[in-house]
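> Pasting the sequence and the predicted model now:
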Amino acid sequence: MRLNMYLLRKDAKGDNSVIRTKAKVKTLTSRTNDLNIAKIFLIEGDSKPPKWLADLDQVAMAHAGDKKYSSLSLGAVILVSAADRLVAVTFGTGFHVLEPSFVERGFGLKVTANIIAADKIKSVQTRGIASNSRDQYTMLPVDGEFSDLNVEVDEEWLRQLSGKATDKGFATTVAGADSLRIAVPDFPLTQITSKVESVLAVYAKDDYKKNFAFLDQITPLDKKDPLIEKLDDEVVKLLRSGSDKLAFSAPDPFDQANLDHYELACGRQGRFVLGSLDSEPVMSVVAGLHSNKNPLTDIDIYALTEDDKPVDRVHPLKSYVMAEISNGGSDYLLSAGLWFEIQKEFRKEVNAKIASIEDITDELALPVWDVSALDDDPSDDTIEGSYNKMVSDKKAYGLLDKDLVYFAQYEKLEICDLLTPKAELLCVKAASNSPSLSHLVAQAINSAKAWGDEKYQSKLSDVWETIRPGDPIPDRGDVTFVLAIATDKSGPLSKSLFFFTKVQIAYCLKEISRSSFGVALARINVKPGVVIKKKRKSTKENSPAGE
């Protein structure tokens, strides 16, 4: 038998209150004398034929209106009380009727991590924490170890885990996310209370810390968690006050090269065209929003090409906001519309790694990022490209921006944007131009991995010769990858960057350092009162659409 379980929050009651109000359920009479079974519900769905049958009826005599083709979707929920907790055991469509606000997040994942055999892992589902850019399911062809799945635990949070249990008496296979799914051969449902008790006993353990200690690092809040409303209210206050504690970043990995502008739709107050989602123009739109409107949900953002074609689906402003809020002694971060709780030890660990990275801002003294001047430069189609060319000319750096190395037909790489005479490979990016600067980090990591390739070395040698004629290419131990970040936030990068960006950079440090390269940070000052953006050609920035 396969059992599907949800742990309900401590304030849940063993009655209809944990069932969605619109659900069609009826209470069944128990056949047992088990007092731990609080309630048994039967869920009766609508009796109707599948929608595709009507389509089939257009080309065949399927008789879509015949009642004999109608099917009734059934489900059941057994509420079991054990160890002072309430567990919902669901069958069929039963999981649909549980009120989400009562479901304990990560219950099944923790049970699975506590009981799964370290060498019998079958699959995982992960999502990148720095943006909503990756939600992937990975399955091994045969059971293996967690390391075989190539999950980067510092930049992804584990949503689901499955495999074989160490104790076959507990279950043969286990899979967990919020729910727990276990396979128990020849199991009589009359023993459901004892099984729930054994599940809760496993849940109470901390065996997972041996192989999955990272599960404690980042915890996503359920969308129904009442704390989210309080956190959202804090963000709204920051938005309306024009606070510099917020930033805005795209939640999806759309093609930045095709992005020309954004439109912010504010209902009857109109649509506003922005060259970029820099803080100043976004705050100006929020300031004009009626006081009875919620900027997080009542402002929609369209990412558009020069021809006003979408490059991403429409998102509410909340999906673009990056915020860090402290509440009740805990730290919470908003990214891609999701709230995460960050454990203090993990924050401390990441901050320590970032603080250990050398900041060479003063040494490099990179020119100011002046959008107005760069936008008038006809030499490149992008602000970033014009900036790199300007720096190359002013400081006699080698220019590698868009000068790609082609390894194969579909494999190409940009070594870096700028190369200094001191063998510093500068990867340049504006803080608001890519989701949490993940593109910047990926550029540096991929470049470091390709260092030994002949084509890579040939391209690097050609540019090195222009700035250090006659000198051999430096050894990797003498090379430093520099993450050069343009930002209008004050203070050193180690303090002004958002936490999820720091997580990405800490990962970059780990990956590049293990190959004997150095890693450094450099801040690029942005001229106040301008927008960090891609060049615009067709629409006046910061004005109501249509003007």
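Cool, the structure landed.
> Low-confidence ranges, the stretch 401-547 of the chain, go.
432-436, 528-547 (pLDDT under 70).
> so where do the helices sit in it?
Taking DSSP state H, counting those that start in this stretch, the helices of the stretch 401-547 of the chain run over residues 438-449, 454-467, 493-496, 499-513.
> which one of those helices lies closest to L334?
Between L334 and those, the shortest gap by CB to CB is with helix 499-513, which sits at 9.7 Å. For every residue, glycine as well, the C-beta is placed using N, CA and C.
> so what secondary structure elements neighbour that closest one?
Applying 3 or more CB pairs under 8 Å, 6 or more residues apart in numbering; DSSP states H and E, we find helix 499-513 packed against strand 330-335, helix 344-355, helix 438-449, strand 480-487, strand 518-525.
> Using a markdown table, lay out the ones you listed together with mean neighbour count.
Output for the helices and strands packed on helix 499-513, formatted as a markdown table (neighbours: other CB atoms under 10 Å):
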| stretch | mean neighbour count |
| --- | --- |
| strand 330-335 | 20 |
| helix 344-355 | 15 |
| helix 438-449 | 20 |
| strand 480-487 | 24 |
| strand 518-525 | 21 |
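> May I see the ones you listed organised as CSV, with distance to P100 added?
Converted to CSV, those look like this (distance: least, CB to CB, whole Å):
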stretch, distance to P100
strand 330-335, 19
helix 344-355, 26
helix 438-449, 30
strand 480-487, 37
strand 518-525, 41
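> Among those, which comes closest to I115?
For I115, the closest of those is helix 344-355, at 24.1 Å, according to CB to CB.
> need the helix or strand of the protein with the lowest average pLDDT.
strand 543-544 (a mean of 40; mean pLDDT, DSSP states H and E).
> part of a helix, is A62?
No. Applying DSSP: H, G, I helix; E, B strand; the rest coil, one finds A62 to be coil, outside a helix.
> give me the number of residues near it?
With neighbours defined by other CB atoms under 10 Å, the count for A62 comes to 16.
> Over to S494?
Counted with other CB under 10 Å, residues neighbouring S494 total 17.
> Please settle this for me: is E229 part of a helix?
Yes. Counting by three-state DSSP, E229 is part of a helix.
> quick one: contacts for N36?
The contact partners of N36, taken as CB atoms under 8 Å, 6 or more residues apart in numbering, are 80-82, 193, 196.
> one more time with 6 Å, if that's ok
By CB atoms under 6 Å, 6 or more residues apart in numbering, the residues touching N36 are 80-82, 193.
> about what we covered before: between the helices and strands packed on helix 499-513, which one is nearest to S279?
For these, proximity to S279 was assessed by CB to CB; strand 480-487 is nearest, at 10.3 Å.
> Please export the C-alpha coordinates of stretch 227-244 as CSV.
Only the C-alpha atoms of stretch 227-244 are listed here, as CSV (Å, rounded to 0.1, in the frame of the first residue of the first chain):
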residue,chain,number,x,y,z
LEU,A,227,3.7,35.7,8.7
ILE,A,228,3.8,36.5,4.9
GLU,A,229,1.2,39.2,5.3
LYS,A,230,3.3,40.9,8.0
LEU,A,231,6.4,40.7,5.9
ASP,A,232,4.6,42.0,2.8
ASP,A,233,3.3,44.9,4.9
GLU,A,234,6.9,45.8,5.8
VAL,A,235,7.9,45.8,2.2
VAL,A,236,5.0,48.0,1.3
LYS,A,237,6.1,50.5,3.9
LEU,A,238,9.6,50.5,2.4
LEU,A,239,8.3,50.9,-1.1
ARG,A,240,6.1,53.9,-0.1
SER,A,241,9.0,55.5,1.8
GLY,A,242,11.3,55.2,-1.2
SER,A,243,13.8,53.1,0.9
ASP,A,244,17.1,52.2,-0.6
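> so how far is that stretch off the chain centroid?
Here stretch 227-244 is found 20 Å from its chain centre; the criterion is CA atoms, centre = their mean, to the nearest Å.
> circling back: just the contacts of N36: which are in helices?
T193 (DSSP state H).
> Export the contacts of N36 as TSV, with columns for pLDDT, distance to V463 and neighbour count.
Shown next, in TSV, are the contacts of N36 (pLDDT from 0 to 100; distance: CB to CB, whole Å; neighbours: other CB atoms under 10 Å):
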residue	pLDDT	distance to V463	neighbour count
V80	95	68	24
S81	94	70	17
A82	94	67	18
T193	95	71	18
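> Of the contacts of N36, which is the nearest to G275?
Of all the contacts of N36, V80 has the smallest distance to G275: 57.0 Å, by CB to CB.
> Now distance to L56 too, for the contacts of N36, in JSON lines please.
Listed next are the contacts of N36 as JSON lines, based on distance: CB to CB, whole Å:
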{"residue": "V80", "distance to L56": "42"}
{"residue": "S81", "distance to L56": "47"}
{"residue": "A82", "distance to L56": "47"}
{"residue": "T193", "distance to L56": "46"}
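> Could I get the full set of strands for the stretch 301-450 of the chain?
Taking DSSP state E, counting those that start in this stretch, the strands of the stretch 301-450 of the chain run over residues 315-316, 321-327, 330-335, 338-342, 358-359, 398-399, 405-408, 411-413, 418-419, 424-430.
> Throw these into TSV and include distance to F499, thanks.
As requested, these are exported to TSV (distance: least, CB to CB, whole Å):
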stretch	distance to F499
strand 315-316	21
strand 321-327	6
strand 330-335	6
strand 338-342	6
strand 358-359	18
strand 398-399	33
strand 405-408	33
strand 411-413	29
strand 418-419	28
strand 424-430	18
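> Would you tell me which of those gets closest to F91?
F91 sits nearest to strand 338-342 of all the strands of the stretch 301-450 of the chain, at 29.8 Å, using CB to CB.
> What is the nearest of the contacts of N36 to D233?
S81 (34.9 Å).
> Would you confirm that the closest one contacts K39?
No. Contact criterion CB atoms under 6 Å: S81 and K39 do not qualify, at 9.8 Å.
> The nearest residue to N388 once chain neighbours are set aside: how many residues sit nearby?
Take N388 and drop its neighbours on the chain: the residue closest to it by CB to CB, 6 or more residues apart in numbering is D401, 4.2 Å away. Using other CB under 10 Å, D401 has 23 other residues around it.
> thinking D401 is in contact with D417, fair?
Yes. In this structure D401 lies within contact range of D417 using CB under 6 Å: 4.4 Å.
> before we move on, the earlier item: how about the residue nearest to N388, what does it touch?
Shown in contact with D401 (CB under 6 Å, 6+ apart): 385, 388, 417.
> top of those by neighbour count?
Neighbour max across the contacts of D401 (other CB under 10 Å) = D417, 28 neighbours.
> quick one: the residue nearest to N388 and G385, what's the gap?
Taking CB to CB, to the nearest Å as the measure, D401 falls 6 Å from G385.
> ok, now P492?
According to CB to CB, P492 stands 27 Å off from G385.
> now A62
Distance, A62 to G385, using CB to CB: 58 Å.
> rewinding a little: quick one: the residue nearest to N388 from V391, how far?
If you measure D401 against V391 using CB to CB, the figure is 10 Å.
> Also N36?
In terms of CB to CB, N36 sits 70 Å off from V391.
> Ok, K344 next?
K344 is 39 Å from V391, by CB to CB.
> same check, this time on D475
25 Å.
> Grab the nearest non-local neighbour of K164.
Using CB to CB, 6+ apart and skipping the chain neighbours, the partner closest in space to K164 is K120 (3.8 Å).
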